[in-house]
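[1] Build the 3D model from these lines:
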Amino acid sequence: MALVDLNDLLISQVRQAADIVEFISQVTPLKQAGKSYKGLCPFHREKTPSFTVDRGKGLFYCFGCGTGGDVFKFLALTERFTFPEAVEHVAARVGITLPRKRRTSRDTDKDDLLEVIDDASEAFHQALMWGDNAAQQYLRERNVPKEIIDKYGFGYAPDSWDYILRRFGQKHGEEKLEKAGLITPRKEKTGFYDRFRNRLMIPIHSETGALVGFGGRSLDASEPKYLNSPESEVFNKSRLLYNLHRSKDAMRRIDRAILVEGYFDAIAIDHAGVPGVVASMGTSLTAGQASLLRRFTRRVVIAYDGDEAGRNATLRAAPVLLAAGHDVAALDLMGEKDPDSLIQKHGVDRFLELLGNASDIFTFALKQWATDINQLSGREKSERVDRFVDLLNAVNDLVVRNDAAQRIADALRLDFDSVWSRVKGKAQASIAERQVSAPAASGEKTILIAAIQGRLPEGTIPRLKDDFFADPACKTLFSIIKTDLAAGNPIDFAEVQTHLRGEAELTLLSELTLSEDVDERVIQTLDEYLRPMERQAIERRKLEIQHEFAEAAKRGDDERIGELDAEKQRLSTRADQLDAQKPHIETSVLNTLK
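    Below you'll find the model as predicted:
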């Protein structure tokens, strides 16, 4: 599609002109249910409709898989449109003509890099077909058939200092080849040499399917074993997952991802017909990768290598996934080296059997850390509890976290409070430091739902402040609607959407606005949600004051030190007042469950 010159006003006009029910009905049937419409979610399998669409607000949300947004987001998910393409598509359908814009130099540079990488991929694939080389020998040893070689675009970087440089130096120029991560400047003299030499080349794609870089597997025992393309305009390793472009649709459909360590594990599983597999490319899983996965599924099964290093890597990746809001399980390979070896030796049916028996991450962790309980001293048990703390603190659901802590206490033969106190202590120490792309706390959501529905008790709105919201999306949404709330004006949802910038914010808006009416009993006890939010905001601010105090002391700024000390005293007084009031909602919930 042609480039269009978009601005907030135009986007808002197109969004308001679109009948979201009409667009979505072309994909999944909808039936009217009161003021909204409901149907089976097109993004995951379900028997009972949990997918809700509101024509007036122009939003959809699935209460089963957590996918939500506006008409543009729906088209991006179902038609694989980029955001500008979705806007242009809707505009054409509703009869709005969009102005065109001239391509920027950055657009051109990015397209040029993608062209360079495409050319290099073809050159590497051609080199693989030339004679009997090291890459072909390696693939034969791993029993990789030609079908897989062609399907996944394998190539060979010859054992040469200038294969790519000679092939494309004149066509693309050294500067573009360097920006694409294909050549490297010489340290001792002028000129460049190829970055990849004597390596099996595995193309890496973005989630949209664009070829953005390579993973090069060493063929002569040189280090590193795997060499990836360097960071560039198009290659950001912390935001890429190998095979995502092939697996994302299946992830949405079955609401599950299989996460493996290496390229060959992902290829073996994918080629065997098991859907939804991605690889973290041998690096430590990042929060960005976990957040990227969360766009397509809430359930992740980790299938890392079966040795001790693989098990440890599983338990390092799990907190990152839990913090992003995933349900996490882990696969026991029953002594096999990795998924690739398992499938080659025993076939895909054996892998599917183990996949079906994957245990939740806390069961997996207990098998690793609590099997020799009879031989542990008190200090060793204490050390084992510390291992579980990061896992527990990454869980956002209080009930799930409480249940897991109880299981850990039982396994280590400890009382619950000894484990729970360690968890709470670690959480309080890091409350201001953790920046997690996790779902909003239930209390923050409840407050916002009541606000959107115009049902906040008198006196609540003046008390609410931006800083009470720890979740970034909740904080942004409140900052947008607070003026209308204070003035008693109805919320203009089209205007709100214009101010949203992140996908998480749009999804949150969809969830909150399409939620059922808050129960009247909850409305009457909203202070039980508000008080913990204010209390936690105080603790966050007090930690910030500590850092500011240290900086002021370094500068010798006595006036600022006095101001900070006075603010800390005011906060402590307010905290004491809150603590003297009724128990927090979390305690009430736990007492109800007992």
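[2] Give me the buried positions along the helix or strand hosting residue 409.
    Element membership of residue 409, judged by DSSP states H and E, is helix 398-411. Using 16 or more other Cβ atoms under 10 Å as the test for burial, helix 398-411 gives 401, 402, 404, 405, 407, 408, 409, 411. (Glycine included, C-beta is placed from N, CA and C.)
[3] now stretch 287-300
    In stretch 287-300, counting by 16+ other Cβ under 10 Å, buried: 287-300.
[4] Just the ones in helices from those, please.
    Using DSSP state H, 287, 288, 289, 290, 291, 292, 293, 294 are the members of those that sit in helices.
[5] Any chance of JSON lines for those, columns pLDDT and distance to residue 511?
    Converted to JSON lines, these look like this (pLDDT from 0 to 100; distance: Cβ to Cβ, whole Å):
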{"residue": "287", "pLDDT": "82", "distance to residue 511": "21"}
{"residue": "288", "pLDDT": "81", "distance to residue 511": "22"}
{"residue": "289", "pLDDT": "89", "distance to residue 511": "23"}
{"residue": "290", "pLDDT": "89", "distance to residue 511": "20"}
{"residue": "291", "pLDDT": "81", "distance to residue 511": "17"}
{"residue": "292", "pLDDT": "84", "distance to residue 511": "20"}
{"residue": "293", "pLDDT": "88", "distance to residue 511": "19"}
{"residue": "294", "pLDDT": "83", "distance to residue 511": "14"}
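[6] now, which of these sits nearest residue 202?
    Closest approach to residue 202 among those (Cβ to Cβ): residue 289, at 17.6 Å.
[7] mind checking how far that closest one is from residue 279?
    Applying Cβ to Cβ, to the nearest Å, the value for residue 289 to residue 279 is 10 Å.
[8] Excluding chain neighbours, what is closest to residue 476?
    Nearest-residue entry for residue 476: residue 505, 5.2 Å, with adjacent residues in sequence omitted and distances by Cβ to Cβ, 6 or more residues apart in numbering.
[9] so that neighbour makes contact with residue 473?
    Yes - between residue 505 and residue 473 there is a contact under Cβ atoms under 8 Å: 4.6 Å.
[10] distance of the residue nearest to residue 476 from residue 579?
    32 Å.
[11] Those two: who's more crowded?
    Neighbour count, other Cβ atoms under 10 Å: between residue 505 and residue 579, residue 505 has more, with 20 against 10.
[12] confidence score at that one?
    Looking at residue 505, its pLDDT stands at 84.
[13] and it, what does it touch?
    Neighbouring residues of residue 505 by Cβ atoms under 8 Å, 6 or more residues apart in numbering: 473, 476, 477.
[14] swap in residue 80?
    With contacts defined as Cβ under 8 Å, 6+ apart, residue 80 is in contact with residue 208.
[15] give me the number of residues near residue 463?
    Neighbour tally, residue 463, other Cβ under 10 Å: 11.
[16] Hmm, it is touching residue 527, no?
    No - contact criterion Cβ under 8 Å: residue 463 and residue 527 do not qualify, at 9.4 Å.
[17] how many other residues sit next to residue 145?
    Considering only other Cβ under 10 Å, residue 145 is surrounded by 11 other residues.
[18] Can you tell me how far it is from residue 60?
    Distance from residue 145 to residue 60, by Cβ to Cβ: 43 Å.
[19] Looking at the ones in helices among the buried residues of stretch 287-300, which is nearest residue 232?
    Closest to residue 232, out of all of those and judged by Cβ to Cβ, is residue 288, at 15.9 Å.
[20] so which strand or helix has residue 421?
    helix 416-430.
[21] Kindly report the same for residue 53.
    Judged by DSSP H and E, residue 53 forms part of strand 51-54.
[22] Which positions within that strand qualify as buried?
    Neighbour count says strand 51-54 has 51, 52, 53, 54 buried, by 16+ other Cβ under 10 Å.
[23] again with stretch 195-212
    Residues of stretch 195-212 classed as buried by neighbour count (16+ other Cβ under 10 Å): 195-207, 211-212.
[24] out of those, which are inside helices?
    Using DSSP H, none of the buried residues of stretch 195-212 sit in helices.
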